[in-house]
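Chemist: From the sequence below, what's the structure:
(one chain, ligands or ions: 2)
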Amino acid sequence: MNLWRDIRGTVHPFWVTLRNMLRTPVTIEYPEERRTVSPRCRARIVLTRDPQGEERCVACYLCSAACPVDCISMQAAERADGRRYAAWFRINFSRCIFCGLCAEACPTLAIQMSGDYEMGSRDLLKLVAEKEDLLIDGGGRDNEYDFYRHAGIGVGQVRGAGDEENPPADFRSNLP
Ligand code: SF4
Ligand code: SF4
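Modeler: Residues are numbered from 1 along each chain as shown. Ligands and ions are numbered 1, 2, ... in the order given. Below you'll find the predicted structure:
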């Protein structure tokens, strides 16, 4: 009985090796060859623009509050027409754990995770990204989304005129 077990134990690894030699490799020769990343890939963070080409970020600090490792910081500012923006916006990628909570918290779809995963560096200071490094020209995963139009918080737009906004309630109609 022990002899049979020993023979099996000796032959089986050869059988496993032979069987896998004939398989198509599942590995690729990176970096010569690259896989197409999933659309839901959570890699380098970007700041996007709305369909008018304006910065989507309104410096509401929600992403910063949601970040579990405190790697997002910014300073809010206001334009002459009342629209808020981030005067500066910084992400320390050496601390980021790419959890995606910032992107989930963002009400304007400004901050998004991209598929660019090639961002490793031995120099930690190179991993601190400023607004100029983060801001891209397009809308990222949703080019059409316009927070101001949908939420009705448009600068110079009357209340209730947003695509998904109800007209303001007339409280006098509730008076006895
Ligand atoms: S992905 Fe996570 S860790 Fe990175 S900045 Fe966003 S919330 Fe912070
Ligand atoms: S990226 Fe989004 S959540 Fe963060 S401050 Fe800007 S609008 Fe707010």
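Chemist: report the longest strand in this protein, please.
Modeler: strand 84-92 (DSSP state E).
Chemist: mind checking how far that strand is from the chain centre?
Modeler: Counting by C-alpha atoms, centre = their mean, to the nearest Å, strand 84-92 is centred 16 Å from the centre of its parent chain.
Chemist: and the next element down the chain from it?
Modeler: Using DSSP states H and E, the helix or strand that follows strand 84-92 in sequence is helix 101-105.
Chemist: Could you pull up the contacting residues of E130?
Modeler: Going by C-beta atoms under 8 Å, 6 or more residues apart in numbering, E130 touches W88, F89, R90. All C-beta atoms are positioned from the backbone trio N, CA, C, and that covers glycine.
Chemist: Of the residues you listed - the most surrounded one?
Modeler: Using other C-beta atoms under 10 Å as the neighbour test, the contacts of E130 are led by F89, with 26 neighbours.
Chemist: quick one, helices of this structure?
Modeler: 2-21, 62-66, 101-105, 131-134, 147-151 (DSSP state H).
Chemist: Of these, give the one that comes closest to ligand 1.
Modeler: Of all those, it is helix 101-105 that lies closest to ligand 1, at 3.2 Å by C-beta to the nearest ligand atom.
Chemist: helices and strands around that closest one, which ones?
Modeler: helix 62-66, strand 111-113 (3 or more C-beta pairs under 8 Å, 6 or more residues apart in numbering; DSSP states H and E).
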